[in-house]
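Peer 1: show me how the following folds:
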Amino acid sequence: MKHLLVAALTLISQGAFAQQRAPTPQPAEPAVQQTAPLIPYDSVPNFFKLPADLNMGEAAGVAVNSKGNIFVFHRGGSSRGPAFANTAAQLWEFGADGRFIREIGKNLYAWSFAHAVRVDKNDNIWAIDKGSDMIIRFNPEGRVTMVIGRKQEASDAGTKPWAHVNPPLAPENGRFRQPTDVTWDPAGDIFISDGYINSRVAKLNKDGDWITSFGEPGKGPGQFNTPHNIVADASGTLYVADRGNRRIQVFDDDGNFQRMIKIDVPPPPDAQPAIGNKPDLTNYLESGGTMTPGAPWALCITPPPNQVLYVSDAFPGRIYKLSLAGKVLGMFGRSGKQLKEFGWVHAIACPNVNTLYVAEILNWRVQKLILHPDQPHTSR
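Peer 2: Numbering: from 1, shown residues only. Modelled structure (predicted):
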């Protein structure tokens, strides 16, 4: 009996000790805010030479081919139709010296609302139209050589803009709902960010045959809130601008999640938006949001061998230079309407590490920027 009493007292004592030593839940550590040096840069004034009877609309996409020619996909067009159904897409080509060469795909059936343009390794030109849900490939001569997706039929009584319902309707293979961008891996497989409604990435082979898709709406790893841009590095690793979640997600070319990149450089105290009210930045490091610092609007990766990633945000209107591992190497810019200022940079082309073309929605222009990372920065 005595031995049983001692054993019971020992168990009670051990339980009390264990209860005292149980770890106390700790609050999550706040995100560590980053710092980055300012990169000196210039904007080339009056670089693009347009004919007297042409004006650029909202510049949604910009790309450069192997010859240095520049392609601008902008929201200009016929200026016919009601305000919310006007044709707003034109694809222009400029020479490396900025001279206007031609319009590609004039009056194309897919043209509705320009979103992005990219050029592949064979100098094919790819236009992504958010309004028609179509991705069009042109050969270097400007002829259509591949059509991906299909727009809604004008003859259908129920045809109307896509509704942002929650939860969204199930996606369908081969069709898109407000796609945003396209890229390729070294094998030529095609990756399309699909986009405002479906929040996924579609993978097709080089011939345009559907393979799979990955991603869904949400905040977790591999989920998206508006995958707005997509680029691939020389190894085929994919970088997706998950804009609403304020992060870049990295995947292999089979769609397996690898890691996240977040840009957590705080804005200047006097930063102002390019348009609209100043965003509420309460807890933005965790909650995200399209109009918050570091929310990626546009991505561009420079050519090999020493590749870096350029990223834009809409507020405070900066462009960031990152290593592919995600380290912020430098930054520059602010919101505004003057040269060297930005009004919603929607696309970046980076033919080399110190030459950028940036397409702006609000300022109806593309700026050619020359970076001077070795020069000391002087304040504006």
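Peer 1: tell me the secondary structure for the most centrally placed residue in the chain?
Peer 2: Nearest to the geometric centre of the chain sits Asn229, at 2.8 Å (C-alpha atoms, centre = their mean). Under DSSP: H, G, I helix; E, B strand; the rest coil, the three-state class of Asn229 is strand.
Peer 1: wait, it touches Ile301, no?
Peer 2: No - applying C-beta atoms under 8 Å, one finds Asn229 not in contact with Ile301, separated by 10.7 Å. For glycine as for every other residue, the C-beta is placed from the backbone atoms N, C-alpha and C.
Peer 1: anything in contact with each of these two?
Peer 2: Residues touching both Asn229 and Ile301 (C-beta atoms under 8 Å, 6 or more residues apart in numbering): there are none.
Peer 1: a helix runs through Pro305, doesn't it?
Peer 2: No - looking at Pro305 with three-state DSSP, it is coil, so not inside a helix.
Peer 1: ok, it - contacts?
Peer 2: Ala234.
Peer 1: so where's the stretch 251-380 of the chain uncertain?
Peer 2: Along the stretch 251-380 of the chain, the parts satisfying pLDDT under 70 run over 377-380.
Peer 1: any chance you could map the helices in it?
Peer 2: Here the stretch 251-380 of the chain has its helices, by DSSP state H, counting those that start in this stretch, at 284-287.
Peer 1: residue contacts, Met260?
Peer 2: Per C-beta under 8 Å, 6+ apart, neighbours of Met260: Pro221, Arg247, Ile248, Gln249, Val250.
Peer 1: okay, and the beta partners of the residue lying closest to the first one once chain neighbours are set aside?
Peer 2: Spelled out, it's Pro221. Of all residues not flanking Pro221 in the chain, Phe257 sits nearest, at 4.9 Å (C-beta to C-beta, 6 or more residues apart in numbering). Assessed by DSSP bridges, Phe257 has beta-bridge partners Phe251.
Peer 1: same thing with the one 4 residues further on?
Peer 2: Using DSSP bridges, the bridge partners assigned to Ile261 are Ile248.
Peer 1: mind listing what it touches?
Peer 2: By C-beta under 8 Å, 6+ apart, the neighbours of Ile261 are Tyr239, Arg247, Ile248, Gln249, Val250, Leu322, Gly326.
Peer 1: same deal with Tyr284?
Peer 2: Tyr284 makes contact with Arg246, Thr292, Pro293, according to C-beta under 8 Å, 6+ apart.
Peer 1: now do Arg247
Peer 2: The contact partners of Arg247, by C-beta under 8 Å, 6+ apart, come to Met260, Ile261, Lys262, Gly288, Pro296.
Peer 1: list buried residues within the contacts of Met260.
Peer 2: Neighbour counting over the contacts of Met260 (16 or more other C-beta atoms under 10 Å) leaves Arg247, Ile248, Gln249, Val250 as the buried ones.
Peer 1: kindly reformat these as a markdown table containing distance to Tyr109 and pLDDT.
Peer 2: Putting the buried ones among the contacts of Met260 into a markdown table (distance: C-beta to C-beta, whole Å; pLDDT from 0 to 100) gives the following:
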| residue | distance to Tyr109 | pLDDT |
| --- | --- | --- |
| Arg247 | 36 | 98 |
| Ile248 | 34 | 98 |
| Gln249 | 33 | 98 |
| Val250 | 36 | 98 |
